[in-house]
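A.B. asks: Could you look at this predicted model? Sequence included:
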Amino acid sequence: MRHARIAMLPGWMARPALTIVAASLLLLPVARAADINELTEKLPHAYIGEFLWDGDKTVQNVVITFDQVHALNEQNAEALGCGSYEVGRRVTKIKVRMFVRLSDLEVELFEWSPDGNGSFETGGSHRGKLSEDFQQIDAQWTTTATGQHGQLHLRAVASAACEPAAAL
């Protein structure tokens, strides 16, 4: 055990060792706060990509934009915005909320208020990962009622509007 080894050091060495350990513990929350600030400042506000239901070859073009990104606490951030899915010429606009856990960049993305498609599925969420450079989101949708899955792959872009990807 490391703590036991520190306690066994001669008195003149134990005090500086304990001081260093205590100081590092005090600085840990400051480092985390800076990291969450970096995440909220550097998270791109626009992503485009594709969604496919498992077992289906129909590609849905996706646009997601975040107009608000803020820290919930030292380890979690929230991004709010809107998006659209386009299949053929059918466009469905949605509202989105994404939660990001700083420790492992796990994300959960919720969608609601579909406009333009009465059969659009919002009962579930996308769970996955944000890349280390914040430039990609890869997640799996799971429908709560049926367990049906789909894959979402997004990449950051300089800007986008909550409109179909083909219009950009």
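C.D. replies: Happy to help now that I have it.
A.B. asks: C-alpha from now on. contacts and neighbour counts both.
C.D. replies: Will do.
A.B. asks: neighbours around L43, how many?
C.D. replies: Other residues within reach of L43, judged by other CA atoms under 10 Å, total 17.
A.B. asks: Which residue, other than its chain neighbours, is closest to it?
C.D. replies: Distances taken as CA to CA, 6 or more residues apart in numbering place F134 nearest to L43, at 6.0 Å, with adjacent residues excluded.
A.B. asks: what about that neighbour, which SS state?
C.D. replies: The assignment at F134 comes out as coil when based on DSSP: H, G, I helix; E, B strand; the rest coil.
A.B. asks: list the contacts for it?
C.D. replies: Contacts for F134 (CA atoms under 8 Å, 6 or more residues apart in numbering) come out as 42-44, 156.
A.B. asks: Quick check: bridge partners of the residue lying closest to V107 once chain neighbours are set aside?
C.D. replies: Closest residue in space to V107, ignoring its immediate chain neighbours: V100 at 4.6 Å, by CA to CA, 6+ apart. Counting by DSSP bridges, V100 is bridged to A77, V107.
A.B. asks: how about V100, what does it touch?
C.D. replies: V100 sits next to 76-78, 106-108, 130 when contact means CA under 8 Å, 6+ apart.
A.B. asks: Tell me where the model's unsure across this structure.
C.D. replies: Within the chain, the segments meeting pLDDT under 70 span 1-34, 117-118, 163-168.
A.B. asks: residue ranges for the helices of this structure, please.
C.D. replies: Here the chain has its helices, by DSSP state H, at 2-8, 11-42.
A.B. asks: quick revisit: measure the residue nearest to L43 to S125 for me?
C.D. replies: Taking CA to CA, to the nearest Å as the measure, F134 falls 20 Å from S125.
A.B. asks: Tell me if I'm right that D67 and L43 touch.
C.D. replies: No: judged on CA atoms under 8 Å, D67 makes no contact with L43 at a distance of 11.0 Å.
A.B. asks: in the sheet, who's paired with Q151?
C.D. replies: L52, Q140.
A.B. asks: For it, list the residues it contacts.
C.D. replies: Contacts of Q151 (CA under 8 Å, 6+ apart): 51-54, 138-141.
A.B. asks: run the last query once more with 10 Å
C.D. replies: 50-54, 126-128, 138-142 (CA atoms under 10 Å, 6 or more residues apart in numbering).
A.B. asks: hmm, which of those residues are the buried ones?
C.D. replies: 50-53, 126-128, 138-142 (16 or more other CA atoms under 10 Å).
A.B. asks: Tell me, how many residues neighbour the nearest residue to V69 once chain neighbours are set aside?
C.D. replies: Computed as CA to CA, 6+ apart, the closest residue to V69 that is not its neighbour in sequence is A79, at 4.3 Å. Using other CA under 10 Å, A79 has 20 other residues around it.
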